[in-house]
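Q: below are the sequence and a predicted model; questions follow.
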Amino acid sequence: MASRPSDLLQNESRGTEDRVRAPRRYPTYTLATLLLAAFVAFAVTTYGSLKRELTQAAMARSTAVARLAAGILAERLDRAADLAESLATRVRFAELVALGDWNRAAAILQAVPGKFPYVERLFLADKSGTLQSDVPERAGVRGQNFAHRDWYRGVSREWKTYVSPVYRRTAEPQLNVISVATPVRGRDSGEVAGILVAQLALEVFFDWSNAIDLGAGASLVVVDPRGQAAHINGRHAQAPIEELPANAALQQLAAGRSGAALAPGGADGSDWLYAFNPANRGWGVLIRQPAAAAFAARDSQLMLLQVAYALFALLAATLVWTGTRVAMKRRDELHRASRSLVRHTERLRILGEIDRAVAAEKPAEEIAAAVVQPLRELLDVPRAIVNRFDLQSGEAEWVAAAGLQPHRAELQPSAIPQRRLAARHCALIR
């Protein structure tokens, strides 16, 4: 059984509907927006977390180096104090000091500077702080009273071994030194008979600091109890003694605390990283480094992360642009398909009316008059004419029309005579 035109058109219309409805399952813009928001949140969170971790790692490294240096410094100070106490407690030496035989007592110390290179000079002073004898001997200082010196005030406070801050000594050559003063007591009475002072050579005493890897642009500062720079890596030991400017790191160190902090330190006001750790006897270690150098590794890794984010963002933008183009193209296709569906539906309706009219055995003129105007609108043409052709005789009869001039549209098909269209008939056959 042959299919009717309306059935064929109905099948085509269903296929068009399927093509129009299927893409609704893919939400393009909402998904792209959510993915973009998730990426931005992830990038910001990861970047901030990584920056904090790398900053803490750089500060922890500097703090660890400061702790190591402080431990070495404490050991060196204790060793110098132990040396002075061991010399002061020698039996024969203490007896000679108690007898006031300063020169013979000093002679016992002659070999000490040779055995201990960091000891630059030793001298003996009485209980009042007057210098009595020195090794090696320096002119013009015997008989001078040094009660004003910090080493004397420190040792005489409780008559215990005392390590002085750095200072510039009186004896020639005038050098920056540290003095370790310890009381010399009589063997029998136990009373203080004199004071033994060992002056330390800074170049040798702090030579251990040169072996520590501090990092690019960093310097190690040994801070004495007065807040002075007793030693700075790379600086001559006999340069003028530097009074360190007060900042948060130095204040923390003076309070006996360890850690790291950022503070202005450059001539241009730029930030420096200060790592600090106390040693003992009021001494401490401060490591200072420009923040740009201290965090160079961190900044390098963050730069790589930024490049990775930028490449990912570029890829995401490319995908979004491509997806948008595809979506717009698909939207245009859907729009065309939708219009096609409307046309197919209208054609289906018209053909349905024709089928029903034919089934009802209505006159051809009535069927043509009912569908000519909808066909003209569907085809979007200025006029539509329905003719009935007799192919054998080559004649055509005008049945219905739409879109003609008003005075022509009022004419009835029966009023128009039949015409022979032999030439047109032949053209149609060809």
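A: Cool, the structure landed. Numbers count the residues shown, from 1 in each chain.

Q: so where do the helices sit in the stretch 301-430 of the chain?
A: With DSSP state H, counting those that start in this stretch as the criterion, the stretch 301-430 of the chain has helices at 364-379, 406-409, 422-429.

Q: same deal with the stretch 1-150 of the chain?
A: Secondary structure of the stretch 1-150 of the chain (DSSP H, counting those that start in this stretch): helices located at 5-21, 28-88, 91-99, 102-107, 112-115, 150-158.

Q: for those helices, which one sits closest to residue 368?
A: helix 5-21 (15.8 Å; CB to CB). No exception for glycine: its C-beta is placed from N, CA and C like everyone else's.

Q: residues in contact with the residue nearest in space to the middle of the chain?
A: Centroid-nearest residue in the chain: residue 51, 3.6 Å away (criterion: CA atoms, centre = their mean). Neighbouring residues of residue 51 by CB atoms under 8 Å, 6 or more residues apart in numbering: 298, 302.

Q: per-residue pLDDT, it?
A: For residue 51, the pLDDT comes out at 89.

Q: got it, and residue 104?
A: You'll see residue 104 listed with a pLDDT of 96.

Q: my read: it touches residue 96, true?
A: Yes. Taking CB atoms under 8 Å as the definition, residue 104 is a contact partner of residue 96 at 5.1 Å.

Q: compare the two (neighbour count), which wins?
A: Neighbour totals were compared for residue 104 and residue 96, and residue 96 leads with 22 against 14 (other CB atoms under 10 Å).

Q: you'd agree that one is up against residue 90?
A: No. Counting by CB under 8 Å, residue 96 does not reach residue 90; the two are 9.4 Å apart.

Q: got any residues that touch both of those two?
A: Taking CB under 8 Å, 6+ apart as the contact rule, the neighbours common to residue 96 and residue 90 are residue 108.

Q: was I right about residue 92 contacting residue 108?
A: Yes. Applying CB under 8 Å as the test, residue 92 and residue 108 come out as touching, 6.7 Å apart.

Q: and those two? which has more neighbours close in?
A: Between residue 92 and residue 108, counted using other CB under 10 Å, residue 108 has the larger neighbour count: 15 against 11.

Q: for the more buried one, which non-adjacent residue is spatially closest?
A: Nearest residue to residue 108 in three dimensions, chain neighbours excluded: residue 93, at 5.0 Å (CB to CB, 6 or more residues apart in numbering).

Q: where do the strands sit along the stretch 301-430 of the chain?
A: Using DSSP state E, counting those that start in this stretch, the strands found in the stretch 301-430 of the chain span residues 384-390, 395-402, 419-420.

Q: pick the most buried one from these.
A: Neighbour counts (mean count of other CB atoms under 10 Å) averaged over each of these peak at strand 395-402, with a mean of 19.

Q: got the angle for that one vs strand 384-390?
A: Using axes from the mean of the first three to the mean of the last three CA atoms, to 10 degrees, one finds that strand 395-402 and strand 384-390 are set 160 degrees apart in direction.

Q: strands paired with strand 395-402, and their directions?
A: strand 384-390 (antiparallel), strand 419-420 (antiparallel) (DSSP bridges).

Q: how about those strands in CSV, adding distance to residue 227 and mean pLDDT?
A: Output for those, formatted as CSV (distance: least, CB to CB, whole Å; pLDDT from 0 to 100):
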stretch, distance to residue 227, mean pLDDT
strand 384-390, 106, 79
strand 419-420, 123, 42
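
Q: can you put these in TSV and add distance to residue 328?
A: Converted to TSV, the strands paired with strand 395-402 look like this (distance: least, CB to CB, whole Å):
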stretch	distance to residue 328
strand 384-390	35
strand 419-420	52
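
Q: of all these, which one is nearest residue 186?
A: Among those, the nearest to residue 186 by CB to CB is strand 384-390 (139.8 Å).
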